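**Q** sharing a sequence plus its predicted fold:
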Amino acid sequence: MLLSSVDMKMPMATRKKISHLLWKGLGAEEVLRLSLAMAVDCKKTAAACQSLTAFPHFRFLIFVPILFEKFTGKKTMQIVCPTCNAAYKISESKIPEKGAKATCKKCGGKIVVKPLASSVPTTPARPVPDTGQRPDNVSEMALFSDYPELRGFSAEKFDYQTILAANKQGGYKTRRNNFKLKILSAVHETLDKMLQQGEKVLCVGKGIAFYPAEMIFGNGYLTRMYNHYALVGTSKRLLFVNINGRIKHATHYLFQMPYENIKKVKGGLFSRSLALNRVKGKRRVFTGIKGYLSKELKAFVQKKLHAANGAQGVDKEPPESLCPSCFVPLGKGMAKCPQCNAAFKEPKKALLRSLLLPGWGDMYLGHRALGLVELAGSAAVWSAVIASVLGGQTEMLAGALIILVFYNGVDALLTRHMANKGYMLA
């Protein structure tokens with residue numbers, strides 16, 4: 001009797017899933033209560049409950065008919081003959097929308113069967129024609145439902161319906177959108193101040209700026225932590241906002257690249273990098289980009305270049321660095337902003353500090369982790385020099401002094417390179 005309540009046509013994977021979920025000890029009273037709630041045959045369930053004492057290891061089989069409906073999605077309903085009160089079960093999928101009539105097997109009476117209200121399909125809404133405009137408030141409601149924090153973003157400055165893509169079900173809660181929103185959350189306050197009148201954010205990404213000089217100096221991995229950037233495509237230009245490695249907030253440098261100064265955009269190996277060749281000036285390369293973001297940024301820039309095809313190019317290299325105070329474009333080698341009069345940290349001061357004591361210049365620039373590592377290396381070199389002097393090993397002293405001068409000189413050049421990347425407020 002117990003085994004007769006099991007649908008042996010059920011897929012093995014479903015039966016395994018049920019047995020894994022329901023391997024618990026349940027009393028016969030609770031089994032009967034659940035069977036009544038789920039409209040399961042009470043006589044069959046009661047007989048199965050009596051068999052629990054004899055077959056305790058098969059107790060999960062009682063719930064197979066109940067959970068078969070849940071896992072397979074095939075719902076059943078119970079109909080009763082109005083003449084003899086005979087009860088039958090029938091699958092809801094077999095009942096037409098207008099209803100049907102059945103004949104009772106016991107008395108031959110007629111039974112009128114009507115579908116449940118929940119099983120009647122609703123008429124699908126007509127698709128919104130593509131007019132070039134964004135959809136109505138339905139998509140915005142879905143966005144705000146999945147990401148309530150978007151309410152803090154200005155709709156005039158962030159086209160989040162373009163930035164975040166909907167999935168097949170019409171929702172927006174995806175891993176890709178989560179990562180994009182993480183980037184936006186880190187820089188949206190800075191972008192609110194940077195964006196010009198009528199300028200709107202349309203595309204975002206994140207990459208690591210590649211500087212060959214840092215590889216030559218031998219500690220490119222240490223400087224890499226200060227080369228993380230949010231790559232922001234707007235309606236007018238590309239913006240590069242320096243961020244920390246954990247993508248929590250903006251840090252130091254700010255750059256721009258007008259579309260008319262971009263000659264060509266290329267994706268690297270496995271679409272993990274992005275190279276921007278400029279009409280005037282050196283090209284910029286970003287590595288460590290997620291594949292889908294690299295493809296989106298490349299397609300976005302190419303679209304902008306195609307739209308700007310035929311526009312007048314640039315005669316000279318446009319300013320790339322932006323003032324971190326008022327966000328106006330600035331040329332190279334400025335000690336303060338001519339617009340807001342904000343003072344900047346000077347590369348010469350950083351160089352002299354690192355020449356005297358490696359790491360001091362990096363601390364001056366706000367690169368504390370890099371400065372501490374270089375200070376530790378400097379302490380090791382100085383310890384070797386002092387040990388040579390105290391030990392009377394003059395032949396070792398000359399070598400230690402050469403290492404000290406070389407170490408200080410390389411660190412000073414590296415610090416100067418870091419300071420020349422962009423402008424930082426003093």
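**A** Thanks, I have it.
**Q** OK, contacts around the residue of the chain positioned farthest from its centre?
**A** Residue distances from the centre of the chain (C-alpha atoms, centre = their mean) peak at residue 107, which lies 64.4 Å from the mean C-alpha position. Contact partners of residue 107, counting by C-beta atoms under 8 Å, 6 or more residues apart in numbering, are 81, 83, 84, 86. Glycine gets a C-beta too; all of them are placed from N, C-alpha and C.
**Q** how far away is the second one from residue 347?
**A** This means residue 83. Separation of residue 83 from residue 347 (C-beta to C-beta, to the nearest Å) stands at 98 Å.
**Q** for the third one, same thing?
**A** With the distance defined as C-beta to C-beta, residue 84 ends up 98 Å from residue 347.
**Q** of these two, who's got more company?
**A** Comparing residue 84 with residue 347 by other C-beta atoms under 10 Å, the one with more neighbours is residue 347, at 18 against 12.
**Q** contacts only, for the nearest residue to that one once chain neighbours are set aside.
**A** In space, and not counting its chain neighbours, residue 347 is closest to residue 419: 3.7 Å by C-beta to C-beta, 6 or more residues apart in numbering. Shown in contact with residue 419 (C-beta under 8 Å, 6+ apart): 345, 346, 347, 350, 351, 361, 365.
**Q** which one (most neighbours) among those residues?
**A** residue 361 (29 neighbours).
**Q** what's the per-residue pLDDT of the spatially most central residue of the chain here?
**A** Residue closest to the average C-alpha location in the chain (C-alpha atoms, centre = their mean): residue 179, at 1.3 Å. Residue 179 is assigned 96 on the pLDDT scale.
**Q** likewise for residue 273?
**A** At residue 273, pLDDT is 91.
**Q** now it, nearest residue through space, not along the chain?
**A** Residue 273 sits nearest to residue 287 (C-beta to C-beta, 6+ apart), 4.5 Å away.
**Q** look at the one you found and report its pLDDT.
**A** For residue 287, the predicted pLDDT is 92.
**Q** stretch 333-350: end-to-end distance?
**A** One end of stretch 333-350 to the other measures 14 Å (C-alpha to C-alpha, to the nearest Å).
**Q** what sits closest to residue 376 if chain neighbours are left out?
**A** Nearest to residue 376 is residue 359, by C-beta to C-beta, 6+ apart, at 7.9 Å.
**Q** show me the contacts for that neighbour.
**A** By C-beta under 8 Å, 6+ apart, the neighbours of residue 359 are 370, 371, 372, 373, 374, 375, 376, 377, 378, 411.
**Q** can you pull the contacts of the first one?
**A** When contacts are counted by C-beta under 8 Å, 6+ apart, residue 370 touches 219, 222, 223, 225, 226, 359, 362.
**Q** want to try CSV for these, with distance to residue 114 as columns?
**A** Putting those into CSV (distance: C-beta to C-beta, whole Å) gives the following:
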residue, distance to residue 114
219, 77
222, 74
223, 73
225, 68
226, 70
359, 82
362, 78
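**Q** of the residues you listed, which is the nearest to residue 99?
**A** residue 225 (69.0 Å; C-beta to C-beta).
**Q** spatially nearest residue to that closest one (excluding sequence neighbours)?
**A** Distance criterion C-beta to C-beta, 6+ apart; nearest residue to residue 225, sequence neighbours excluded, is residue 245 at 5.2 Å.
**Q** how about residue 252, secondary structure?
**A** With DSSP: H, G, I helix; E, B strand; the rest coil as the basis, residue 252 sits in strand.
**Q** per-residue pLDDT, it?
**A** 89.
**Q** that one and residue 227: what is the separation?
**A** Taken as C-beta to C-beta, the span from residue 252 to residue 227 is 10 Å.
**Q** repeat for residue 92
**A** Residue 92 is 60 Å from residue 227, by C-beta to C-beta.
**Q** again with residue 80
**A** 74 Å.
**Q** please identify which of these two sits among more neighbours.
**A** residue 227 (21 against 12).
**Q** the more buried one against residue 208, yeah?
**A** Yes: with contact defined as C-beta atoms under 8 Å, residue 227 reaches residue 208; the gap is 5.0 Å.
**Q** need the longest helix for this protein.
**A** For the chain, the helix that runs over the most residues, judged by DSSP state H, is helix 394-419.
**Q** give me the buried positions along that one.
**A** Neighbour-count burial for helix 394-419 flags 397, 400, 404, 407-408, 410-419 (criterion: 16 or more other C-beta atoms under 10 Å).
**Q** and what of stretch 301-311?
**A** Quick answer for stretch 301-311 (16+ other C-beta under 10 Å): 301, 304, 305.
**Q** hmm, residue 262 and the last one touching each other?
**A** Yes: with the criterion set as C-beta under 8 Å, residue 305 and residue 262 qualify as a contacting pair; they are 6.1 Å apart.
**Q** residues in contact with the closest residue in space to residue 114 that isn't next to it in sequence?
**A** Setting aside the residues directly before and after it, residue 114 is nearest to residue 99 in space (C-beta to C-beta, 6+ apart), at 4.4 Å. Contacts of residue 99 were listed using C-beta under 8 Å, 6+ apart, and they are 112, 113, 114, 115.
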